[in-house]
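*Asks:* when you get a sec, could you give me coordinates for this:
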Amino acid sequence: MLKLLGLGSCLKSLENYGDAMTGKVWRAVDEKAEDVMGDMADMAPWASGAMSGSIGWVIQTDTATKYIVRVGPSDDLKSGIPELPYPVLVEFGSGRGAAQPFMRPATERNKPLKI
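*Replies:* The predicted model follows:
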């Protein structure tokens, strides 16, 4: 999950500059989320392709100034809880197999978010 600290405040302050500037911020967020999503899909181990194919992203807000971008494998990213338990086992390992991280490295590769 990418937490965009200050995005809400940034968007609020950009209201004075009009929709064009706000649009640039949202495009930057969109591009970064797509970059993380692409890297996750590229780094995910392939067995059936179901995990890689389930990677997506969504922006959530619960206040006017708090935005969270969730990127990862899930059928329901809005809940923040992966519906596919397999990606978590792959990322962190289990008694049956060693960890094969792909979510954390993809997120780290794409830090920091610069707008």
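*Asks:* phi, psi of Arg70?
*Replies:* phi -100, psi 120 (degrees, to the nearest 10).
*Asks:* count of residues packed around it?
*Replies:* Using other CB atoms under 10 Å, Arg70 has 18 neighbouring residues. Placement of C-beta: from N, CA and C, glycine included.
*Asks:* ok, Val25 next?
*Replies:* Other residues near Val25 number 15, with proximity taken as other CB under 10 Å.
*Asks:* could you verify that it is part of a helix?
*Replies:* Yes. Secondary structure of Val25 (DSSP: H, G, I helix; E, B strand; the rest coil): part of a helix.
*Asks:* mind listing what's buried in the helix or strand harbouring Ala20?
*Replies:* Here Ala20 is covered by helix 19-43, with elements defined by DSSP states H and E. Residues of helix 19-43 classed as buried by neighbour count (16 or more other CB atoms under 10 Å): 29, 32-33, 36-37, 39-41, 43.
*Asks:* after that helix comes which helix or strand?
*Replies:* Immediately after helix 19-43, counting by DSSP H and E, sits helix 50-53.
*Asks:* no more questions from me, cheers.
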